[in-house]
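In: kindly return the folded structure for what I paste below:
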Amino acid sequence: MLIQGRVEGRIDLKKNNITVGKSGRIKGDIYGKVISIEGEVRGNLVGEERIVLRQSGKVRGDMRAPRINLEEGAKFKGNVATDSKDEKQPTLKEVPLVRDRNVPSNS
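Out: Next up is the predicted model:
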């Protein structure tokens, strides 16, 4: 879907690619498969696969997707999260400290 005008409200097309064209002005959250921003967005972006902020793009809001690309010259103010719903984050385990027998102890 290509948006070249003004939109106020949530855009929820998680199975579709969404492009906000250079003349696009969005005030609201965007949910899509691949989201490409060339215009302006005031709201959060949630991409199922990727978010691309083009050189002419401006975003004021948070972005969350497995992959996020910001081209040189793009303007962005907000937070970024590159986690995936399907991707389980590894957990840290505590392991015992092993003392090297060849290193003299100071105690």
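In: flag the shaky bits of the protein, pLDDT-wise.
Out: For the chain, the stretches flagged by pLDDT under 70 are 84-107.
In: hey, where'd the helices end up in it?
Out: Under the criterion DSSP state H, the chain carries no helices.
In: tell me where it has strands.
Out: 2-3, 6-8, 11-13, 18-20, 25-27, 30-37, 40-42, 45-53, 58-60, 63-64, 67-70, 75-77, 80-81 (DSSP state E).
In: those strands into JSON lines, with extra columns for mean neighbour count?
Out: The way it works is simple: take the backbone N, C-alpha and C, and place the C-beta from them, glycine included. Output for those, formatted as JSON lines (neighbours: other C-beta atoms under 10 Å):
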{"stretch": "strand 2-3", "mean neighbour count": "16"}
{"stretch": "strand 6-8", "mean neighbour count": "13"}
{"stretch": "strand 11-13", "mean neighbour count": "15"}
{"stretch": "strand 18-20", "mean neighbour count": "23"}
{"stretch": "strand 25-27", "mean neighbour count": "19"}
{"stretch": "strand 30-37", "mean neighbour count": "22"}
{"stretch": "strand 40-42", "mean neighbour count": "21"}
{"stretch": "strand 45-53", "mean neighbour count": "20"}
{"stretch": "strand 58-60", "mean neighbour count": "19"}
{"stretch": "strand 63-64", "mean neighbour count": "20"}
{"stretch": "strand 67-70", "mean neighbour count": "15"}
{"stretch": "strand 75-77", "mean neighbour count": "13"}
{"stretch": "strand 80-81", "mean neighbour count": "12"}
